[in-house]
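Visitor: fold the following for me, if possible:
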Amino acid sequence: NPASAKKQKGKFSLSILIIRPLLVALQSKSCDLTEAYKDAQNLVKVLEKVRNDKERLGRLFTRASEIAATADVEPSKPRTAARQKGRANAPANSTHEYYRLNFFLPFVDHVLAHLKTRFSEEKKDAMLGFYLIPNQLNNLTDEVIKKIKVEFQDDLPYPDSFDAEVRNAPLQFQQKQQIQ
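Guide: Presented below is the predicted three-dimensional model:
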């Protein structure tokens with residue numbers, strides 16, 4: 001149904017507007033997981049503020065409506081039924097309020113739950129393992145090596161030789177690059 005597809009596009013445009021910077025950072029070839037972790041933590045803080053800020057939500061809704069208009073989509077509030085099973089149906093007086101109650105707040109709560117799980121404080125040091133990728137080895141510091149060793153100690157076959165292996169890795173990587 002074309003009308004239904006247009007409504008779905010409208011819902012999607014509001015959603016993507018909020019998380020786009022993190023999506024771009026995570027999908028780029030030069031993605032730095034430690035920076036993405038910081039971006040995710042910042043996004044959590046922003047989303048927690050935005051969630052209860054009706055003025056900011058109004059600006060987001062206006063911007064999402066402008067984006068939807070470029071795709072010839074008009075945000076609208078469906079009629080409210082007394083009993084509804086097929087879709088969210090919280091009572092609302094306006095289109096803006098309808099989207100806030102039925103889509104924005106559940107979406108933000110969902111995103112917050114996932115961001116807090118996937119980028120939790122417990123996983124912060126695990127993100128430092130990113131620096132073990134060959135083209136990131138030059139970014140390793142003694143402090144980072146120590147944190148990586150502690151984080152992955154149970155997974156390392158020879159934890160005592162980890163420091164030496166990591167310090168020799170850039171040289172080995174350069175030698176392999178020269179051979180190829």
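
Visitor: any stretches of the protein with poor pLDDT?
Guide: Scanning the chain with the threshold set as pLDDT under 70 gives 1-18, 78-88, 180.

Visitor: can you give me the helices in it?
Guide: With helices called from DSSP state H, the chain shows them at 2-27, 33-51, 54-70, 95-99, 105-118, 124-127, 142-152, 162-179.

Visitor: these two touch, right, Y99 and F61?
Guide: Yes: at 6.4 Å, Y99 counts as touching F61 under the criterion of Cβ atoms under 8 Å. In short, each C-beta sits where N, CA and C put it, glycine included.

Visitor: which of the two has more residues huddled nearby?
Guide: Y99 (25 against 20; other Cβ atoms under 10 Å).

Visitor: coming back round to it: most packed of the helices of the chain?
Guide: Of those, the one with the most neighbours on average (mean count of other Cβ atoms under 10 Å) is helix 95-99, at a mean of 19.

Visitor: which helices and strands sit right next to that helix?
Guide: helix 54-70 (3 or more Cβ pairs under 8 Å, 6 or more residues apart in numbering; DSSP states H and E).

Visitor: now the helix it packs on - C-alpha only, CSV.
Guide: Coordinates of each C-alpha in helix 54-70 appear next as CSV, following Å, rounded to 0.1, in the frame of the first residue of the first chain:
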residue,chain,number,x,y,z
LYS,A,54,9.3,19.1,24.3
GLU,A,55,10.8,22.2,22.6
ARG,A,56,13.7,20.3,21.2
LEU,A,57,11.4,17.5,20.1
GLY,A,58,9.3,20.1,18.3
ARG,A,59,12.4,21.2,16.4
LEU,A,60,13.2,17.6,15.6
PHE,A,61,9.6,17.0,14.4
THR,A,62,9.7,20.1,12.2
ARG,A,63,13.0,19.0,10.7
ALA,A,64,11.7,15.4,10.1
SER,A,65,8.6,16.9,8.5
GLU,A,66,10.8,18.9,6.2
ILE,A,67,12.8,15.8,5.2
ALA,A,68,9.5,13.9,4.7
ALA,A,69,8.1,16.6,2.5
THR,A,70,11.0,16.2,0.1
